[in-house]
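1. here's my sequence, what's the structure:
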Amino acid sequence: MTLSQILDLIGVGVFAVSGALAAGRKSLDLMGVVVIAIAASIGGGTLRDLLLNRHPVFWIASPSYLIVIVVCALLTVAWTRWFRPPNQSLQYADALGLAFFTISGAQIAETLNFAPIIVIVMGTITGVVGGVLRDILCAEIPMILRRGNIYATAAIAGAAFYLAMNVVGLPRPLPSLLGMSMIAGLRLAAIRWNLQLPVFSLDRDNPPR
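-> Sure, this is the predicted structure:
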């Protein structure tokens, strides 16, 4: 099993947890929990594979991904029956999933010899699209679109840092670990201290002269 496959498995598991928590906040039944967990876990990787013309899509080639997703979602439901998750548990799980999936997607694009900018874009797509689908299905504003939110920015920075560490020549898997650490660190710091990007706003009452 390759490192990207291991990261994919961890990523789908973590995003399945985030999907189950999101479904629980909307009081969905078990079928709804599983649907949201699957959408959150495979959305980004599916779009990546379609854009890169990789056939079959990763979870069709290896159905074990779906098993991992369902098991993690149901275990999350069972766990929350006994322990109340922290208020920001969804965001924490999402931050970890973002880190694992972004670097996994970047690795896949890199092994196909795409240009660095495409590697970064594919890593970002892999990391953020599943969360977008989860939030849309739960009738929430996607995290990537929330004003000033450091989300896709963290994925872009981490994927770029991963590539830079490869250029420097660090032995594997150090570039992957450092890239994931940067993404998770930036996202968790943003959650903890409410860090935000500058917001561009046009004041309708005072238009530019």
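2. just list what whichever helix or strand Ala184 is part of packs against, helices and strands only.
-> Per DSSP states H and E, Ala184 falls inside helix 174-193. Applying 3 or more Cβ pairs under 8 Å, 6 or more residues apart in numbering; DSSP states H and E, we find helix 174-193 packed against helix 3-25, helix 89-111, helix 152-168. Backbone N, C-alpha and C define where each C-beta goes, glycine included.
3. can you get me a residue count around Ile67?
-> 11 (other Cβ atoms under 10 Å).
4. kindly export the helix or strand harbouring it (C-alpha atoms) in PDB.
-> Element membership for Ile67, per DSSP H and E: helix 64-82. Output of helix 64-82 as PDB, limited to C-alpha atoms (Å, rounded to 0.1, in the frame of the first residue of the first chain):
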ATOM      1  CA  SER A  64     -12.600  -0.800   1.200                       C
ATOM      2  CA  TYR A  65     -12.800   3.000   1.300                       C
ATOM      3  CA  LEU A  66     -16.600   2.700   1.600                       C
ATOM      4  CA  ILE A  67     -16.300   0.200   4.400                       C
ATOM      5  CA  VAL A  68     -14.000   2.400   6.300                       C
ATOM      6  CA  ILE A  69     -16.400   5.400   5.800                       C
ATOM      7  CA  VAL A  70     -19.500   3.500   7.100                       C
ATOM      8  CA  VAL A  71     -17.700   2.000  10.000                       C
ATOM      9  CA  CYS A  72     -16.200   5.300  11.100                       C
ATOM     10  CA  ALA A  73     -19.600   7.000  10.700                       C
ATOM     11  CA  LEU A  74     -21.400   4.400  12.800                       C
ATOM     12  CA  LEU A  75     -18.700   4.400  15.500                       C
ATOM     13  CA  THR A  76     -19.000   8.100  15.700                       C
ATOM     14  CA  VAL A  77     -22.800   7.800  16.300                       C
ATOM     15  CA  ALA A  78     -22.100   5.100  19.000                       C
ATOM     16  CA  TRP A  79     -19.400   7.300  20.600                       C
ATOM     17  CA  THR A  80     -21.600  10.300  20.800                       C
ATOM     18  CA  ARG A  81     -24.300   8.300  22.600                       C
ATOM     19  CA  TRP A  82     -21.900   8.000  25.600                       C
END
